[in-house]
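Okay, here's the prediction I keep looking at, along with the sequence it came from:
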Amino acid sequence: MKILILIILIILFYIINNILKKNIEEHYLTYFLPFYDDKDIDLALFYKNNENNNNYFKKKFNYNILKFGTTKTDKYFINRLINYYISTSYLIKSKTILYKDDIKNLSDLINNKINFSTTTYSTIRYYEDNLKQNINNIRLITTLYKLYIYIFTKKKYNVFQINDIKPGFIIGILDGYAFTYYYDIFFRDMGFIENTDYIIKKYDTLDNLFKGFINSECNMIIINDIFPNNDIMNFLDNVKDEDIILLPFKMPDEDLFLKKQRIINIDYIDLNNLSSSYLPKKFNDNEYTKNKPTLKICYLYKILISNISTDPSYTYEFIKFYYNNYKAINNNLIESGYKIQNISINNYKTSYIDYHMGVLNFFRHKGYISNNENINCKYLAGTSECTDKSLLDNNLLNKFNE
């Protein structure tokens, strides 16, 4: 009797299970995988739109391997940036390609061998003007951080402004990096000619550059890097040579020079953060102390670029990530000296290199650019796309002529 009842229960379970299976599908990829969406789709709308039939792995995640090109000096920065990007986005995997010099990095980007590249405007200018190469395939994603132009010399050489260098002055620089492709233009616009007014000596590593400077192989060294800078700090602290000075950016025809050099910007740094052993310092009419540490200095921007053929959705998602997270990224980079900039569309660079279409789409969606002629669009900048509907929703549409 017990066996019969057990058989009946098994048969009933089988029949009921088959009936239920006809109307139930697991769709576990959709039901049980949390996913991010700006639209905040609630569960009711999820079923109403029959979204349970969508595979969100295919719809949301980017399985393409994005290739980022950079030089070894930027390896730490770009790896931290990409890791943060992957952790907050739908990019599954990326690849960092390290180059020995900026030119090869830029060339591969232009030839669409990589998707993104870190570079400088000075390198692009050299690539176009000196190498006579076409840069029409380059599109800007964003400025990243400042690369300060450190100009070190020694008091004994009696050069206290960059334009005071004497004929035959030997200047040491790092080979293969941004300033390598820029020094000629930099000095030419001051009226100097290489191998007549100055001589360039190139070094393969920063350590060798420092050693050459200490051993008087060169009278001056120029380093294009971030501030504060651990390498420079360690060098000054270890050497503790009071004869070493960092020149302020100062010259008689400064305004004219800056008009020629539109890629150069001016900033002011606190020498207390240069090195604990540098101050106090006095030379010529310059005096810097712990209470008066501000030095005028010039800098270039490190930028992120892409090829015109890169899918606009990739650049849109990246600039969206960058815009939303640049402050958090800075918090993760603060100890290394990097400080990335927020997006900016109000500078000369937008005319020198056009923004990528995906970036322009993001700017449009955030209200930074618009085809709407209503002057009140300025009130929506940074919030939403400026359309008649968004203006109306914010009670701005009828104020066009006010």
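That came in fine, so what should we check first? The structure presented is a predicted model; accordingly, all values stated were derived computationally and were not measured. Residues are numbered from 1 along each chain as shown.

where does the stretch 301-402 of the chain dip in pLDDT?
346-351, 398-402 (pLDDT under 70).

Show me what secondary structure element comes after the helix or strand hosting residue 245.
In this assignment (DSSP states H and E), residue 245 forms part of strand 244-246. For strand 244-246, the following helix or strand on the C-terminal side (DSSP H and E) is helix 254-260.

can I get the CA coordinates of that next one in PDB?
Extracted C-alpha coordinates of helix 254-260, given in PDB (Å, rounded to 0.1, in the frame of the first residue of the first chain):
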ATOM      1  CA  GLU A 254      56.800  86.800 -22.200                       C
ATOM      2  CA  ASP A 255      53.500  87.800 -23.700                       C
ATOM      3  CA  LEU A 256      54.800  87.500 -27.200                       C
ATOM      4  CA  PHE A 257      56.300  84.100 -26.400                       C
ATOM      5  CA  LEU A 258      53.000  82.800 -25.000                       C
ATOM      6  CA  LYS A 259      51.100  84.000 -28.000                       C
ATOM      7  CA  LYS A 260      53.400  81.900 -30.200                       C
END
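
got the buried residues for it?
For helix 254-260, burial by neighbour count (16 or more other C-beta atoms under 10 Å) applies to 257-258. Placement of C-beta: from N, CA and C, glycine included.

Can you name every helix or strand that it contacts?
Applying 3 or more C-beta pairs under 8 Å, 6 or more residues apart in numbering; DSSP states H and E, we find helix 254-260 packed against no helix or strand.

What are the boundaries of the strands in the stretch 201-350 of the chain?
Per DSSP state E, counting those that start in this stretch, the stretch 201-350 of the chain carries strands over the ranges 220-225, 244-246, 265-270, 281-283, 286-288, 294-307.

I'd like to know which of the ones you listed is closest to residue 139.
Ranking the strands of the stretch 201-350 of the chain by distance to residue 139, with C-beta to C-beta as the measure, places strand 294-307 first at 5.3 Å.

Name every sheet partner of the closest one and say whether each one runs parallel or antiparallel.
If you go by DSSP bridges, strand 294-307 pairs up with strand 116-120 (antiparallel), strand 138-154 (antiparallel), strand 265-270 (antiparallel).

could I get those as TSV with distance to residue 165, mean neighbour count and mean pLDDT?
Output for these, formatted as TSV (distance: least, C-beta to C-beta, whole Å; neighbours: other C-beta atoms under 10 Å; pLDDT from 0 to 100):
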stretch	distance to residue 165	mean neighbour count	mean pLDDT
strand 116-120	23	26	95
strand 138-154	9	21	95
strand 265-270	21	14	96
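
quick one: contacts for the residue nearest in space to the middle of the chain?
By C-alpha atoms, centre = their mean, the mean C-alpha position of the chain lies nearest to residue 144, the distance being 2.6 Å. Counting by C-beta atoms under 8 Å, 6 or more residues apart in numbering, residue 144 touches 77, 118, 301-304, 340-341.

And residue 94, by the same measure?
Counted by C-beta under 8 Å, 6+ apart, residue 94 has contacts 65-68, 82, 85-86.

Which of the residues you listed are buried? Put it as a ChimeraX command.
Filtering the contacts of residue 94 down to the buried ones (16+ other C-beta under 10 Å) takes a single ChimeraX command:
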select :66,67,68,82,85,86
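
Let's have the contacts of residue 94 in TSV, adding distance to residue 203 and secondary structure.
Shown next, in TSV, are the contacts of residue 94 (distance: C-beta to C-beta, whole Å; DSSP: H, G, I helix; E, B strand; the rest coil):
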residue	distance to residue 203	secondary structure
65	35	coil
66	33	strand
67	30	strand
68	27	strand
82	29	helix
85	34	helix
86	35	helix
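
Check the contacts of residue 94 against residue 175 and report the nearest one.
Taking C-beta to C-beta as the measure, residue 68 is the one of the contacts of residue 94 closest to residue 175, at 23.0 Å.

For that closest one, which non-adjacent residue is spatially closest?
residue 116 (4.8 Å; C-beta to C-beta, 6 or more residues apart in numbering).

Surely the one you found touches residue 74?
No. Residue 116 is beyond contact range of residue 74, at 11.8 Å (criterion: C-beta atoms under 8 Å).

count of residues packed around residue 373?
Around residue 373 there are 8 other residues, counting by other C-beta atoms under 10 Å.

which residues does it contact?
Applying C-beta under 8 Å, 6+ apart, no residues qualify as near residue 373.

Wasn't it part of a helix?
No. According to DSSP: H, G, I helix; E, B strand; the rest coil, residue 373 belongs to no helix; its state is coil.

Any chance of the backbone angles for it?
When read as degrees, to the nearest 10, the backbone of residue 373 gives phi -90, psi 0.

And it, how far from residue 386?
According to C-beta to C-beta, to the nearest Å, residue 373 and residue 386 sit 10 Å apart.

now swap in residue 375 and tell me
Taking C-beta to C-beta, one finds residue 375 at 10 Å from residue 386.
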